[in-house]
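Trainee: whatever this is, show me its structure:
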Amino acid sequence: MGDIERVWISGDKVFSVKTLEQFSVNLSAGRKHIKVSDDKMLSILHDLEKFEIALYYEGKVDKYVVERIKL
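Mentor: Below you'll find the model as predicted:
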């Protein structure tokens with residue numbers, strides 16, 4: 001499977017390695033692996049109640065709706 005791009009979408013806000021380049025961490029060893037830093041990702045997710053995750057790969061897109069559950 002080639003490159004996979006993960007994007008978080010909430011309303012008009014889009015979060016990804018491309019939009020948060022200054023917070024990206026390159027974990028590549030044998031294969032390309034770039035992610036948003038844990039601290040930044042937790043900060044973003046803390047403020048979101050409902051959002052969508054989109055995975056782009058091989059010309060396809062998979063979308064998942066995520067909603068925070070409060071216990």
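
Trainee: could you use CA atoms for every contact and neighbour count after this?
Mentor: OK.

Trainee: give me the low-pLDDT residue ranges for this structure?
Mentor: Where the chain drops to pLDDT under 70, the residues are 1.

Trainee: let's see that with 80 instead.
Mentor: Counting by pLDDT under 80, the chain contains low-confidence residues at 1-2, 20-21, 23-33.

Trainee: for it, which segments count as strands?
Mentor: Listed in chain order, the strands of the chain (DSSP state E) span 4-10, 13-15, 24-26, 34-36, 50-57, 60-67.

Trainee: let's have those in TSV, adding distance to residue 42.
Mentor: Converted to TSV, the strands of the chain look like this (distance: least, Cα to Cα, whole Å):
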stretch	distance to residue 42
strand 4-10	12
strand 13-15	12
strand 24-26	13
strand 34-36	10
strand 50-57	14
strand 60-67	15
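
Trainee: could you dump the ones you listed into CSV and include mean neighbour count?
Mentor: Listed next are these as CSV, based on neighbours: other Cα atoms under 10 Å:
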stretch, mean neighbour count
strand 4-10, 17
strand 13-15, 14
strand 24-26, 14
strand 34-36, 18
strand 50-57, 16
strand 60-67, 11
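
Trainee: quick one: closest of these to residue 44.
Mentor: strand 13-15 (8.5 Å; Cα to Cα).

Trainee: by contact count, what packs against the closest one?
Mentor: strand 4-10 (3 or more Cα pairs under 8 Å, 6 or more residues apart in numbering; DSSP states H and E).

Trainee: which residues touch the strand it packs on?
Mentor: 14-17, 48, 50-58 (Cα atoms under 8 Å, 6 or more residues apart in numbering).

Trainee: show me which pair in those is furthest apart.
Mentor: 48 and 58 (28.4 Å).

Trainee: out of the two, which sits in the more crowded spot?
Mentor: The residue with more neighbours, out of residue 48 and residue 58, is residue 48; 13 against 9, by other Cα atoms under 10 Å.
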